[in-house]
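> sequence first, then the predicted structure:
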Amino acid sequence: MKARLNQALAAISGSFWVLPAILTAGGALLALALVYLDQNGVVPSWMVENSWLYNGGAEGARTLLGAIASTTIGIAGTVFTITIAALSLAAQQMGPRLLRNFTKDRGNQFVLGAFLGTFSYALMVLRTVRTEAEGAFIPHLALTVGIGLAFVCVGTLVYFVGHMAGRINVDTVIDLVSNDVRRAIDDLSADGPQSRPPPPVFWRDAVAVVDERRGYLQQLDGARLAKWAADRHTAIRLLVRPGDRVFPGAPIALVKPPVDGVEEAIRSATALGRDRSNADDIEFAIRRLVEVAVRALSPGVNDPHTAISVVDQLGAALCDLAPLRLPSGVVLHEGKPTVVMPAVEYDGLVDVMFHMIRQSGSGSTAVLIRILDVLTAVVSCERQPKRVATLQRHADLVMGDACRTIANPDDLGDVHKRYRGFAAMKRSGPAGYLEAMASDRKADHAPSPQS
């Protein structure tokens, strides 16, 4: 139940229409409240007489409110059109999976909500204005606030133009997605002691649990499932983790020993959706960032600068991860391991970060050099031998691609220098790296032998 609740809350928080709907309803309620104050004589007459509040007639009030309503709803349509155009541009240039950054943007939601809220406010006040023949009622306070809201909308429109111009900038998008990656790393890191999962042979006699649902696993309430398993003295080995695809009729877990109700317990502790989400799925956050680089390296775009910016952000994420531990995938209940799920491994994260960029940019000397520079920076932060071996493997892959695809000997020589710098940093630290770079510079400036 908690997993489904979290899924629903995530869907609501990411919805484009929630804040505009709240502001629209808020505008109508504000109008009713202010009209009520006007009807009950709360507003002192001297404020109207001294022009502190609107003091025009009923016809003028109707004209004013009609102008506010028609203008705000028209601009709201323009704002919506500009937003759709920006979404289309972002989908073409940076990938459709980045659209959620625009739909989740509170600035866009507030701008649309401000105009819709002012529109609903003006309509609700307009319906109460009456001429002398109709009983003479002019809500002076409500009209004055309506004028103020109109000026707020003017400022909001100016803000919106500047905001959208900044949002469709590729560097801004990369920075926003990088923030998602950093948050995912912080959420993923393990704080307490980690238990090692049982060996695969332990599950040899386990019974497979089949799930007829389909979709991506978006939420998993591991603590709830672990408590359920502990209460029944059983152990559950999940075969999927958040971000994995669940296929109908395929095994989703193993249980040992088998107990009744395990299928329903797993369904209650998991929530599936039609697409992946950032919640508990660090690989998806990374893939969204990688997609920007891969599209930038496509033949139709050929923008290595954007790809280099992405590589820099990926390197920063790995440096953030260097002092942290990844969870083992074992969920404890009262100190006892009862649920095991596939663990997120450092090797897999680095593969997701660099494989596609390296493959797409294998013919770009600048991109390959930047990957090696970033790997050099990361290896200077990393102290765990297994992780260093992973970084070495990727440096070797970059060097291999460079040897196969770069024909210019000077360009290939630059890649070799970066590779030697990586090896020196790995072997001897920053001091060794400086010595290696100085040695390369001396070799570059050495006079060539006379023929």
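Arrived safely.

> now residue 132: closest residue in space, sequence neighbours ignored.
Residue nearest to residue 132 in three dimensions, not counting chain neighbours: residue 58, with 7.4 Å by CB to CB, 6 or more residues apart in numbering. Where you see a C-beta, it was placed from the backbone N, CA and C, and this is true even at glycine.

> wait, the one you found sits on residue 128?
No - contact between residue 58 and residue 128 fails when scored by CB atoms under 8 Å: they sit 10.5 Å apart.

> the two - which one has more neighbours?
More crowded of residue 58 and residue 128, by other CB atoms under 10 Å: residue 128, with 19 against 16.

> all helices of the stretch 101-250 of the chain, in order?
Secondary structure of the stretch 101-250 of the chain (DSSP state H, counting those that start in this stretch): helices at 106-126, 140-167, 170-188, 222-231.

> just send the ones you listed back as JSON lines, with distance to residue 215 too.
What follows is those, written out as JSON lines (distance: least, CB to CB, whole Å):
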{"stretch": "helix 106-126", "distance to residue 215": "27"}
{"stretch": "helix 140-167", "distance to residue 215": "30"}
{"stretch": "helix 170-188", "distance to residue 215": "20"}
{"stretch": "helix 222-231", "distance to residue 215": "18"}
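
> out of those helices, nearest to residue 40?
Nearest of the helices of the stretch 101-250 of the chain to residue 40, taken as CB to CB: helix 140-167 at 10.9 Å.

> average pLDDT across that closest one?
Averaged over helix 140-167, pLDDT sits at 90.

> so how far is that helix from its chain's centroid?
28 Å (CA atoms, centre = their mean, to the nearest Å).

> what does stretch 158-169 give?
Distance of stretch 158-169 from its chain centroid, counting by CA atoms, centre = their mean, is 19 Å.

> what does it rub up against?
With contacts defined as CB atoms under 8 Å, 6 or more residues apart in numbering, stretch 158-169 is touched by 79, 82-83, 86, 89-90, 102, 105, 107-108, 111, 172-173.

> same thing but 7 Å
Stretch 158-169 has contacts (CB atoms under 7 Å, 6 or more residues apart in numbering) with 79, 82, 86, 89-90, 102, 105, 107, 111, 172.

> of the residues you listed, closest to residue 334?
residue 105 (42.7 Å).

> who's in contact with that closest one?
Listed by CB under 7 Å, 6+ apart, the contact set of residue 105 reads residue 167.

> repeat for residue 242
Counting by CB under 7 Å, 6+ apart, residue 242 touches 217-220, 279-281.

> which element is the residue lying closest to residue 296 once chain neighbours are set aside on?
In space, and not counting its chain neighbours, residue 296 is closest to residue 306: 3.8 Å by CB to CB, 6+ apart. Counting by DSSP states H and E, the element that carries residue 306 is helix 304-321.

> in that helix, what's buried?
Buried residues in helix 304-321, counting neighbours by 16 or more other CB atoms under 10 Å, are found at 304, 306-318, 321.

> repeat for stretch 29-36
Neighbour counts using 16+ other CB under 10 Å place 30-31, 34-35 of stretch 29-36 among the buried residues.

> next: stretch 331-348.
Of the residues in stretch 331-348, those buried (16+ other CB under 10 Å) are 331-333, 337-342, 344, 346.

> now, these that are in helices?
Among those, the ones falling in helices (DSSP state H) are residue 346.

> distance between the ends of stretch 355-365?
16 Å (CA to CA, to the nearest Å).

> I meant stretch 275-289, not that one.
With CA to CA as the measure, stretch 275-289 spans 17 Å from end to end.

> where's residue 254 relative to residue 337, distance?
14 Å (CB to CB, to the nearest Å).

> any regions of this structure where pLDDT drops low?
Within the chain, the stretches with pLDDT under 70 are 1-4, 7, 10, 43-52, 190-193, 279, 443-451.

> mind running it again at 50?
For the chain, the stretches with pLDDT under 50 are 450-451.

> thanks a lot, see you next time.
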